[in-house]
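S.K.: Please find the sequence and the predicted model below.
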Amino acid sequence: MLETLYNYFGFVGALLVSLSVFFFFIFWIAGVAGICDHAEKDTPNKYLLFFAIVIPIYPVAWIIIDMIQQKRELRRL
C-alpha cells in the first residue's frame, strides 16, 4: 500500500498522506473515547455513541471543537 502511495505521490506526498491518515485515526479513537467519557458523566446517549463509531468525521470534529472550547476557557482565567 505504501508502495502504491509512493508511486502516485512520490516520497513527500506518500509521507504526508500516510501521516494524515494516521493522525486522523488517532483523533477518531480519541474522539470516541472523549464522547464515551462525556456520556458516562451525563445520561448515556446510545445514538451519539453509534454515530461516533460509524461516522469517523464526527468524533474528529467533536474533539477539535472541544479543544477550541477549552482554549477559550483557559484564556478567560
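M.R.: Now that the structure is in, tell me what you want to look at.
S.K.: Spatially nearest residue to residue 59, not counting backbone neighbours?
M.R.: Using Cβ to Cβ, 6 or more residues apart in numbering and skipping residues adjacent in sequence, the residue nearest residue 59 is residue 31, 2.5 Å away. Any C-beta I mention is one placed from the backbone N, CA and C, and that applies to glycine too.
S.K.: So which other helices or strands are in contact with the longest helix belonging to the chain?
M.R.: Looking across the chain with DSSP state H, the single longest helix is helix 2-41. The contact analysis (3 or more Cβ pairs under 8 Å, 6 or more residues apart in numbering; DSSP states H and E) places helix 2-41 against helix 46-54, helix 57-76.
S.K.: Between those, which has the poorest mean confidence score?
M.R.: Comparing mean pLDDT over the helices and strands packed on helix 2-41, the weakest stretch is helix 46-54, at a mean of 83.
S.K.: List the contacts of that one.
M.R.: 31, 32, 35, 36, 39, 58, 59, 62 (Cβ atoms under 8 Å, 6 or more residues apart in numbering).
S.K.: got the angle for it vs helix 2-41?
M.R.: Calculated by axes from the mean of the first three to the mean of the last three Cα atoms, to 10 degrees, helix 46-54 forms an angle of 160 degrees with helix 2-41.
S.K.: CA atoms only: put helix 46-54 into PDB for me.
M.R.: Only the C-alpha atoms of helix 46-54 are listed here, as PDB (Å, rounded to 0.1, in the frame of the first residue of the first chain):
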ATOM      1  CA  LYS A  46     -26.700   5.500  22.500                       C
ATOM      2  CA  TYR A  47     -27.300   7.300  19.200                       C
ATOM      3  CA  LEU A  48     -24.400   9.700  19.900                       C
ATOM      4  CA  LEU A  49     -22.100   6.800  20.500                       C
ATOM      5  CA  PHE A  50     -23.400   4.900  17.500                       C
ATOM      6  CA  PHE A  51     -22.700   7.900  15.200                       C
ATOM      7  CA  ALA A  52     -19.300   8.400  16.800                       C
ATOM      8  CA  ILE A  53     -18.300   4.900  15.800                       C
ATOM      9  CA  VAL A  54     -19.900   4.700  12.400                       C
END
